[in-house]
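[1] whatever this is, show me its structure:
(4 chains)
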There are 2 protein chains.
Amino acid sequence: MNLFLSSAGLKRRACKFRRKETIFAQGDPAKNVMYIQEGGVKLTVVNETGKEAVVAILGPGDFLGEGCLGGRSICMATATAVTPTNLLVIEKNEMIRVLHEEHELSDRFITYMLARNIRIEEDLIDQLFNSSEKRLARALLMLARYGKQGQPQTTLPNISQETLAEMIGTTRSRVNFFMNKFRRLGFIRYNGGITIDNSLLNVVLHE
Amino acid sequence: MNLFLSSAGLKRRACKFRRKETIFAQGDPAKNVMYIQEGGVKLTVVNETGKEAVVAILGPGDFLGEGCLGGRSICMATATAVTPTNLLVIEKNEMIRVLHEEHELSDRFITYMLARNIRIEEDLIDQLFNSSEKRLARALLMLARYGKQGQPQTTLPNISQETLAEMIGTTRSRVNFFMNKFRRLGFIRYNGGITIDNSLLNVVLHE
DNA sequence: GATGCATTGTTCAATTGTGAACAGTTGGAC
DNA sequence: GTCCAACTGTTCACAATTGAACAATGCATC
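    Residues are numbered from 1 along each chain as shown, chains lettered A, B, ... in the order given. Prediction:
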């Protein structure tokens, strides 16, 4: 896992963030690519009216700030740690060198980019096709998969209705309504966190 | 521009498609990466109910089918030529080799992936934040930029209201309504194609 | 110029979603 | 305990969006 540490140099450094700490903010100069070794990071954007949207939730193995490689000079989103997070920070130029000279990392980065692409594309398709009820169900299932695999049920760390609303592009009152509906129907359960039953899939698939 | 021809081998071949011809269909086995040398390609997805969504419109310099590099074995979308199109078709394994051994192409591919990422991400943010009226205005401006740069006005090749509706995830009647509104306000004009005035930007920016 | 096909114009009832308010609940800090 | 902040539960008037229908308009082709 410690890809970068193997040949660590001056231009790569480890960095720790606490929960809710800001890693970079929308509008900051974009100079580094970061690699998540441990933890979770939320990417959000705000528009002119102050409305916020969650663009992605990233975890271990994901990259961050890769936009600077494509010539982007400022950050288009705000990155916040959602759990205690260890990052490897790599300077842009170092990253470019690495992409040429280190196959294993180059492969990993390309694999990440391909996977990320698919994830965003699926989010977009989800938005284009589905009602907010289905989007909420899908978001919960995604977050659950993110936790564990294969189990019939997964318990999620606490996540506010506000954040869920931002993730799927709707209002909190709507999220609240559907959460209670899902609960009545036995798809989810509150117990400290949120326990998600795989039967929730039916909401996404039906019709 | 002819990146691939420089060292053309058996595993790379040129391919031509006529307007409206299908390059690959959703569900087909995914075996090749393609590079658009000339033309335009529309990526669409259909859901269970038969509703269609336009995921992307790609042009010269863009890649296609790169999902297979990330382990995807079937195509998740349908690719259709929107204008006469010349593609370079590269076998998956050849592409992987090329990514390791040919810096110029590797760079170009990564640049494409980064740009594509930003494009989809912007589309997603657009969906999360904006009304269908703004999304339509934005889509028209994107298509216009795709044609030419810098001019105060750009004329678009014909594009049906149906397709526009699929691009922004709404109904044709809604697109029709807003197109007529934009026309009344002098933002666009019909004259064979669709002429788009830069003042249309105000619709996207305002408020 | 008649035929058929694709597209556009228009309407409307029904549904879905918004934004804001306010009360209720919880959990941590003091 | 009690205060506070953050979150949830609930409601509602209003706005936006859908989906379907049907007529009107090109426009290519025979």
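[2] for the residue sitting nearest the centre point of chain A, give me the pLDDT.
    Centroid-nearest residue in chain A, with Cα atoms, centre = their mean: A:Ile57, separated by 1.1 Å. A:Ile57 carries a pLDDT value of 87.
[3] my guess is it contacts A:Thr44. True?
    No - A:Ile57 is beyond contact range of A:Thr44, at 9.9 Å (criterion: Cβ atoms under 8 Å). The C-beta positions use only the backbone N, C-alpha and C, and glycine is treated the same way.
[4] check which helix or strand A:Leu140 maps to.
    Element membership for A:Leu140, per DSSP states H and E: helix A:132-147.
[5] where does chain A have low pLDDT?
    Filtered on pLDDT under 70, chain A yields the residue ranges A:1-10, A:146-151, A:206-207.
[6] which stretches of chain A form helices?
    A:92-101, A:103-129, A:132-147, A:161-168, A:172-184, A:201-205 (DSSP state H).
[7] which outside residues touch the shortest one?
    Residues from elsewhere that reach helix A:201-205 (Cβ atoms under 8 Å, 6 or more residues apart in numbering or on different chains): A:Asn130, A:Glu133, A:Lys134, A:Ala137, A:Arg138, A:Leu141, A:Phe182, A:Phe187.
[8] now do the nearest residue to the second one once chain neighbours are set aside against DNA strand C, distance only.
    Same thing as A:Glu133. Nearest residue to A:Glu133, sequence neighbours excluded (Cβ to Cβ, 6 or more residues apart in numbering or on different chains): A:Phe178, at 5.2 Å. A:Phe178 is 8 Å from DNA strand C, where distance means Cβ to the nearest atom of the strand, to the nearest Å.
[9] and A:Phe178, what is it in contact with?
    Contacts of A:Phe178 (Cβ under 8 Å, 6+ apart): A:Ser132, A:Glu133, A:Leu136, A:Ala137.
[10] who wins for neighbours among those residues?
    Using other Cβ atoms under 10 Å in any protein chain shown as the neighbour test, these are led by A:Leu136, with 27 neighbours.
[11] that residue contacts A:Glu166, correct?
    No - using Cβ under 8 Å, A:Leu136 makes no contact with A:Glu166, being 11.9 Å away.
[12] and chain A, which residues reach DNA strand D?
    Listed as neighbours of DNA strand D in chain A under the rule Cβ under 7 Å from any atom of the strand: A:Ser160, A:Gln161, A:Glu162, A:Arg172, A:Ser173, A:Asn176, A:Phe177, A:Met179, A:Asn180, A:Tyr190.
[13] give me the number of residues near the closest residue to the second one other than its chain neighbours?
    With sequence-adjacent residues excluded and distances taken as Cβ to Cβ, 6+ apart, A:Gln161 is closest to A:Val175, at 4.5 Å. A:Val175 has 23 neighbours, counted by other Cβ under 10 Å.
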